[in-house]
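A.B. asks: Pasting the sequence and the predicted coordinates here, then a few questions.
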Amino acid sequence: MTDEDLAADLAIRAGALLVDLRASSGLSGGALGAAGDARANDAILAALGTARPDDAVLSEESTDSAARLSARRVWIIDPLDGTREYRAGRNDWAVHVALSIDGEATLGAVALPARDIVLRSDQTRPLTGEAARLRIATSRSRPAPVAAFAAERLGGTLVHIGSAGAKTAAVIMGEADAYLHSGAQSEWDNCAPVAVAQAAGLHCSRLDGAALRYNRADVVVPDILICHPARARQIIALASEYRASHDDEPDTRR
Ligand SMILES: Nc1ncnc2c1ncn2[C@@H]1O[C@H](COP(=O)(O)O)[C@@H](OP(=O)(O)O)[C@H]1O
Ligand SMILES: [Mg+2]
C-alpha cells in the first residue's frame, strides 16, 4: 500500500467509526467528543503501528515524544478536527492524516465523513474559479479578525465553517475562495489540509507569506492562509496592514 493509500484508508476508517459512534452510542456533548477523539486516535495509531512500525507519529490525542524530532518521516494526525461541530451534530468536521517528510506537508488525506468526502494529495481536481464576491472561510467559534478585515477591504463575504480540514476542503471544492486563521492552531490542525491543498494547486503559507514547516519542537502554528494563488499577494499585504494597525493587541505570532 502506498503512503497515500494508507493515509486515505486510515482517515476513512476512523471517519466511519466516528459516524457510527455519533449515530448509535447514545453519547452526547463532552462525552461524545471525548469518546470520538480517543477511539478514532486508537484506531489510527494501531493501524499505523502495524503498517509503518518505523515511522514516528505526532497526534493531537497521544503523548508527544522527542523521538519524532530526529525522524525524517512523521505521521501528523488529528483524529477528529472540529470536535465542537461533531458534538453538535453538524457535518463540518474532519479526520486528518498526513505524512511529513523532512518538515514538509508531503502527502495526506482529509476525510469529511459526514459528507462522504475524502480528499487525497494524490487525487486532485481542477481548481474552480473564484466567486464574483470573494468568500473567506474562517472559524465558527474563533473567527479571525483579520479575515473580517480582508473581507471588508476586498468587498468579500465571510463563511463560518468549523474544522481546519472542512474549511480547506471548502476552498478546494469551490465552496469558498480563501481560508484565513489567526490566534494559533497546532500542526495536526493543518498539516493534512495543507498537503491536499498544495496538491490541488492552492497557495498555503503563514499569514505573512512565510513557509509552513512541520515536525517542530513547538507544534503551534500561529496563523495560516490557504487561497487561490492569484489572491495570495493581495491577502498577505492586507494581513500586514492589519497587523501594523493592531500592534497594540497581544501578539500570538511566533
Ligand atoms: N486559538 C486557537 N488555539 C489553539 N487551537 C485552535 C485555536 N483556534 C482553533 N484551533 C483548533 O483548530 C481546529 C479548527 O478550529 P476552528 O473550527 O475553530 O477553525 C480545532 O481543532 P480540534 O477540533 O481538533 O480541537 C481547534 O481546536
Ligand atoms: Mg484539530
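C.D. replies: Good, I have the coordinates. As the structure is a prediction and not an experimental result, all values here were calculated from the model. Ligands and ions are numbered 1, 2, ... in the order given.
A.B. asks: Look at the closest residue in space to residue 142 that isn't next to it in sequence and give its secondary structure.
C.D. replies: Among residues not flanking residue 142 along the chain, residue 183 sits closest, at 5.9 Å (C-beta to C-beta, 6 or more residues apart in numbering). Where C-beta positions appear, they are placed from N, C-alpha and C, glycine not excepted. Here residue 183 is strand, with the state taken from DSSP: H, G, I helix; E, B strand; the rest coil.
A.B. asks: show me what contacts residue 183?
C.D. replies: Contact analysis of residue 183 by C-beta atoms under 8 Å, 6 or more residues apart in numbering lists 142, 144, 222-223, 252.
A.B. asks: ok, how many other residues are close to the closest residue to ligand 2 within the stretch 51-200 of the chain?
C.D. replies: Closest residue of the stretch 51-200 of the chain to ligand 2, C-beta to the ion: residue 81 (3.6 Å). Close neighbours of residue 81, defined as other C-beta atoms under 10 Å, add up to 29.
A.B. asks: List the buried residues of the host helix or strand of residue 50.
C.D. replies: Per DSSP states H and E, residue 50 falls inside helix 29-51. Residues 32-33, 35-37, 39-41, 43-45, 47-48 are the ones in helix 29-51 that count as buried (16 or more other C-beta atoms under 10 Å).
A.B. asks: Intersect those with the contacts of ligand 2.
C.D. replies: Cross-checking the buried residues of helix 29-51 against ligand 2 (C-beta under 5 Å from the ion) gives no overlapping residues.
A.B. asks: May I have the phi/psi pair for the spatially closest residue to residue 91 that is not a sequence neighbour?
C.D. replies: Closest residue to residue 91 apart from its sequence neighbours, by C-beta to C-beta, 6+ apart: residue 114 at 3.6 Å. Main-chain torsions, residue 114, degrees, to the nearest 10: phi -70, psi -10.
A.B. asks: Next, count neighbours for residue 114.
C.D. replies: 20.
A.B. asks: Ok, the one 3 residues further on next?
C.D. replies: Using other C-beta under 10 Å, residue 117 is surrounded by 16 other residues.
A.B. asks: list the contacts for it?
C.D. replies: Contacts of residue 117 (C-beta under 8 Å, 6+ apart): 111, 169, 173.
A.B. asks: repeat that for 10 Å
C.D. replies: 15, 91, 94, 110-111, 166, 169, 172-173 (C-beta atoms under 10 Å, 6 or more residues apart in numbering).
A.B. asks: got it, and residue 206?
C.D. replies: Residue 206 sits next to 182, 212-213, 221-225, 236, 239, 253-254 when contact means C-beta under 10 Å, 6+ apart.
A.B. asks: PyMOL command to pick out the buried ones of those residues?
C.D. replies: PyMOL command restricting those to the buried ones, with burial defined by 16+ other C-beta under 10 Å:
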select buried, resi 182+212+221+222+223+224+225+236+239
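A.B. asks: How about the closest residue to ligand 1 within the chain: what's its closest non-neighbour residue?
C.D. replies: Using C-beta to the nearest ligand atom, the single residue of the chain nearest to ligand 1 is residue 139, 3.3 Å away. Nearest non-adjacent residue to residue 139, counting by C-beta to C-beta, 6+ apart: residue 181, 6.5 Å away.
A.B. asks: again with residue 93
C.D. replies: Nearest residue to residue 93 in three dimensions, chain neighbours excluded: residue 82, at 3.3 Å (C-beta to C-beta, 6+ apart).
A.B. asks: so the one you found touches residue 168, yeah?
C.D. replies: No - under the criterion of C-beta atoms under 10 Å, residue 82 makes no contact with residue 168, lying 11.5 Å away.
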